[in-house]
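Visitor: Have a look at this fold, sequence not included:
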């Protein structure tokens with residue numbers, strides 16, 4: 001256990017960061033990046049799997065290749081190209097200390113496109129991250145910098161747009177900068193959830209209360225909610241939309257009042273990518289994981305640091321007195337200050353059956369290095385920043401039926417208990433492995449239908465890997481190389497009338513690590529958007545005549561495949 005313990009030791013002062021000063025939002029400094037009426041398919045702070053949405057998604061009328069304009073003068077400071085995430089993206093630094101980001105682009109402006117392509121060939125990598133000097137690509141407000149698209153993690157044509165603080169790289173809510181986006185529509189509150197906060201939020205199903213809309217807002221049915229706990233908290237499902245768009249987007253603010261006094265509020269004004277995974281502390285993660293709706297807590301879980309919450313006279317957990325009725329008011333707002341209001345009353349009546357007894361399993365806590373009680377061939381550790389709420393975590397060992405497995409299955413907790421970071425798993429194989437086979441061992445995690453693998457690190461006979469989620473873990477020996485499959489062509493073919501070469505790469509563990517193509521011995525740029533096909537579009541790099549294309553691929557376990565194709569242009 002000594003090997004990993006130090007990985008999670010952090011001074012207590014590093015765990016509790018101070019809230020930053022409120023940012024300044026200069027209205028009118030930026031223009032909208034598309035020269036069409038502004039309509040949003042997504043807004044800042046919208047709830048997404050494992051992260052907040054960190055900008056605005058501008059609709060492009062379901063089309064691609066619309067001109068994208070610089071929102072203000074400055075210079076192109078960064079370029080990123082990746083299979084997922086932003087796809088193709090541009091970062092512009094502005095003199096006012098802010099940075100704008102434009103993502104899911106199809107192409108850059110011609111001069112920038114040529115420069116990026118040159119750098120890709122220089123680095124021999126399609127995926128690329130470039131930091132540029134201020135004098136290389138200065139831009140003026142309104143200048144065309146790129147063309148919109150659907151690259152990376154995009155699910156349909158649109159432009160993702162962000163505004164960041166250049167120094168800290170923290171994201172600011174663009175809706176506060178005065179863009180011409182009409183919004184006279186208040187949010188909608190769909191449901192209320194009530195929690196027993198004498199128990200872990202992950203060891204209960206909340207009480208869902210029906211709502212009724214009235215002329216002056218919403219109320220519950222019944223108007224007085226009876227609970228069997230003297231400590232409660234609340235969450236709501238609430239959405240917003242803009243006047244020009246029917247999309248159900250995220251709310252800007254949620255505020256909780258108890259007997260007229262503000263208890264706590266959350267505000268989607270500034271969020272850093274370093275902290276975006278804390279969304280899992282802001283929502284009822286278990287309900288969402290098990291197929292339910294998004295429920296946004298109006299309380300601050302104890303393990304939520306760098307929080308979007310601001311406390312009034314509490315953390316959102318309300319202490320009830322037996323028989324006394326408390327008046328609760330919840331407000332949800334959008335960035336234009338349109339407001340939805342929910343009023344109801346709540347009363348504590350103890351259950352004749354008494355309180356729910358705690359589980360006999362071991363309790364794990366936020367801000368502690370939690371050492372797992374595994375077995376002789378499994379140990380696990382959850383770091384100080386791992387948990388958002390205290391919770392019992394069970395461990396179970398079972399035999400694996402996978403022909404690739406070289407260990408038992410070790411089930412640690414459940415997938416509906418979220419982690420921020422810091423799960424380390426150590427597993428011993430069930431038999432001695434030859435040294436050359438140890439390099440092909442992966443640690444596999446699975447939960448439901450989701451699977452992932454990590455390359456095993458070896459420490460005195462233990463295979464070690466780090467994950468951000470609980471679930472079931474086993475060691476697998478991966479000896480199968482990837483496959484390289486040509487699409488629509490074969491070796492020896494005349495390709496003079498073709499416009500591209502398309503290759504599909506598959507792997508039994510669905511984890512292709514490296515792809516390299518060489519045309520007549522020189523690196524050739526294949527694109528790989530969304531991790532699907534690898535595509536080369538014929539250009540001046542492939543002249544007329546006979547050619548040899550060599551393609552090599554490696555997977556996470558280091559297995560390598562190579563194919564050689566000949567063709568004529």
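Guide: On my side now, so go ahead. Just so you know, these numbers come straight off a predicted model, no measurement behind them.

Visitor: Go ahead and confirm residue 482 touches residue 554.
Guide: Yes - if you go by Cβ atoms under 8 Å, residue 482 and residue 554 touch, sitting 7.4 Å apart. (Each C-beta comes from the backbone N, C-alpha and C, glycine too.)

Visitor: Toward the C-terminus, what is the element adjacent to the top helix by length along the chain?
Guide: Counting by DSSP state H, the longest helix found in the chain is helix 110-123. Toward the C-terminal end, the helix or strand that comes next after helix 110-123 (DSSP states H and E) is strand 128-131.

Visitor: For residue 433, list the residues it contacts.
Guide: 406, 441, 477 (Cβ atoms under 8 Å, 6 or more residues apart in numbering).

Visitor: How about residue 470?
Guide: Per Cβ under 8 Å, 6+ apart, neighbours of residue 470: 393, 412, 413, 414, 415, 417, 419, 423, 447.

Visitor: Pull up the pairing partners for the one helix or strand residue 219 maps to, direction included.
Guide: Assignment of secondary structure by DSSP H and E places residue 219 within strand 217-227. Strand 217-227 has the following strand partners under DSSP bridges: strand 207-214 (antiparallel), strand 339-348 (parallel).

Visitor: Name the next helix or strand following that strand along the chain.
Guide: Where DSSP H and E defines the elements, the next helix or strand beyond strand 217-227 is strand 231-242.

Visitor: Spatially, what comes nearest to the residue of the chain most remote from its centre if we skip its sequence neighbours?
Guide: Centroid-distance maximum for the chain: residue 545 at 46.8 Å, with Cα atoms, centre = their mean. Nearest residue to residue 545 in three dimensions, chain neighbours excluded: residue 569, at 6.4 Å (Cβ to Cβ, 6 or more residues apart in numbering).

Visitor: Count the neighbours of that neighbour for me.
Guide: Neighbour count of residue 569, defined by other Cβ atoms under 10 Å: 14.

Visitor: list the contacts for it?
Guide: 495, 496, 538, 542, 543, 544, 545, 547.

Visitor: Model confidence score at the closest residue to residue 217 other than its chain neighbours, please.
Guide: With Cβ to Cβ, 6+ apart as the criterion, residue 217 has its nearest non-adjacent residue at 3.6 Å, and that residue is residue 341. In this prediction, residue 341 carries a pLDDT score of 98.

Visitor: pretty sure residue 341 contacts residue 216?
Guide: Yes - between residue 341 and residue 216 there is a contact at 7.2 Å, judged by Cβ under 8 Å.

Visitor: Neighbour count: the two, which is higher?
Guide: The neighbour count for residue 341 versus residue 216, taken as other Cβ under 10 Å, is higher for residue 341 (18 against 8).

Visitor: Okay, and the beta partners of the more buried one?
Guide: residue 331.

Visitor: That one and residue 213, how far apart?
Guide: Residue 341 sits 11 Å away from residue 213, going by Cβ to Cβ, to the nearest Å.

Visitor: any low-confidence regions in this protein?
Guide: Residues of the chain meeting the criterion pLDDT under 70: 1-23, 354-360.

Visitor: Which stretches in it count as helices?
Guide: Counting by DSSP H, the helices of the chain are 2-5, 110-123, 279-282, 285-289, 435-438.

Visitor: Skip the chain neighbours and tell me the closest residue to residue 395.
Guide: Using Cβ to Cβ, 6+ apart and skipping residues adjacent in sequence, the residue nearest residue 395 is residue 374, 5.3 Å away.

Visitor: For that neighbour, grab phi and psi.
Guide: In terms of degrees, to the nearest 10, the main-chain angles of residue 374 are phi -90, psi -130.

Visitor: Can you get me a residue count around it?
Guide: 18.

Visitor: buried sites along stretch 219-231?
Guide: Of the residues in stretch 219-231, those buried by neighbour count under the rule 16 or more other Cβ atoms under 10 Å are 219, 220, 225, 227, 228, 229, 230.

Visitor: Make JSON lines from those and add distance to residue 146 to it.
Guide: Converted to JSON lines, the buried residues of stretch 219-231 look like this (distance: Cβ to Cβ, whole Å):
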{"residue": "219", "distance to residue 146": "49"}
{"residue": "220", "distance to residue 146": "49"}
{"residue": "225", "distance to residue 146": "52"}
{"residue": "227", "distance to residue 146": "54"}
{"residue": "228", "distance to residue 146": "57"}
{"residue": "229", "distance to residue 146": "54"}
{"residue": "230", "distance to residue 146": "57"}
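
Visitor: from the residues you listed, which is closest to residue 534?
Guide: Closest approach to residue 534 among these (Cβ to Cβ): residue 220, at 54.9 Å.

Visitor: Would you mind confirming that that closest one makes contact with residue 328?
Guide: No - using Cβ under 8 Å, residue 220 makes no contact with residue 328, being 9.1 Å away.

Visitor: Mind listing the shared neighbours of those two?
Guide: Residues within reach of residue 220 and of residue 328 at once, by Cβ under 8 Å, 6+ apart, are residue 344.

Visitor: For the closest residue to residue 231 other than its chain neighbours, list the residues it contacts.
Guide: Sequence neighbours aside, residue 197 is the residue nearest to residue 231 in space, at 4.2 Å (criterion: Cβ to Cβ, 6+ apart). Neighbouring residues of residue 197 by Cβ under 8 Å, 6+ apart: 229, 231, 232, 233, 299, 317.

Visitor: what's the closest of those residues to residue 267?
Guide: residue 299 (14.9 Å).

Visitor: my read: that closest one touches residue 231, true?
Guide: No - Residue 299 is beyond contact range of residue 231, at 10.3 Å (criterion: Cβ under 8 Å).

Visitor: Common neighbours of those two, please.
Guide: Common neighbours of residue 299 and residue 231 are listed as 197, 317 (criterion: Cβ under 8 Å, 6+ apart).

Visitor: just to revisit the earlier point, give me the distance from the strand holding residue 219 to the chain's centre.
Guide: 34 Å (Cα atoms, centre = their mean, to the nearest Å).

Visitor: tell me the domain boundaries of this structure?
Guide: 25-176, 188-348, 363-477, 483-568 (automatic domain parsing).

Visitor: so which of those domains comes closest to residue 182?
Guide: Using Cβ to Cβ, the nearest of the domains of the chain to residue 182 is domain 188-348, at 4.0 Å.

Visitor: Report the distance from that closest one to the chain centre.
Guide: With Cα atoms, centre = their mean, you get 22 Å for domain 188-348.
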